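Colleague: model the following, please.
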Amino acid sequence: MTQHAGYSRWCYNWGLSLWNAAYIDGYKPNVSFPSECYANGMLRKRKLREVFTNQTKPLYPWMKNLSSKVYQYAFVNLGEAFTHVFQRIRKIPKV
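Modeller: A predicted model of the protein is given here:
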């Protein structure tokens, strides 16, 4: 269980770093990063999952031992955090 919690936090921080980089570049995160993930100036969480699954996850073999639902929900939570930021309910999430 603790491995899943750590994995979730790792994924959240990974996504947050991409979202922050995109935001600095002038893109608004929307409820995924390399330039092919931008659509109409918005960063899509679906694309974030695709990039993570296809490019990042293969670099870390230990992730295969953990549930894929963990990282999916980490990105959902990150999307909700940014939704709150843009609705001015909360501040930008921190690593």
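Colleague: ok, now how distant is Pro58 from Gly15?
Modeller: 17 Å (CB to CB, to the nearest Å). Just so you know, the C-beta spots here come from the backbone N, C-alpha and C atoms, and that holds for glycine as well.
Colleague: just Thr83 next, same as before
Modeller: The spacing between Thr83 and Gly15, counted by CB to CB, is 14 Å.
Colleague: and the two? Which one has more around it.
Modeller: Applying other CB atoms under 10 Å to Thr83 and Gly15 shows that Gly15 carries more neighbours, namely 29 against 14.
Colleague: identify the residues contacting the more buried one.
Modeller: Each residue near Gly15 by CB atoms under 8 Å, 6 or more residues apart in numbering is listed here: 48, 52, 74-75, 78.
Colleague: let me have those residues in TSV, adding distance to Met1 and pLDDT as columns.
Modeller: TSV is the format used below for those (distance: CB to CB, whole Å; pLDDT from 0 to 100):
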residue	distance to Met1	pLDDT
Leu48	25	77
Phe52	22	85
Ala74	15	88
Phe75	20	84
Leu78	21	82
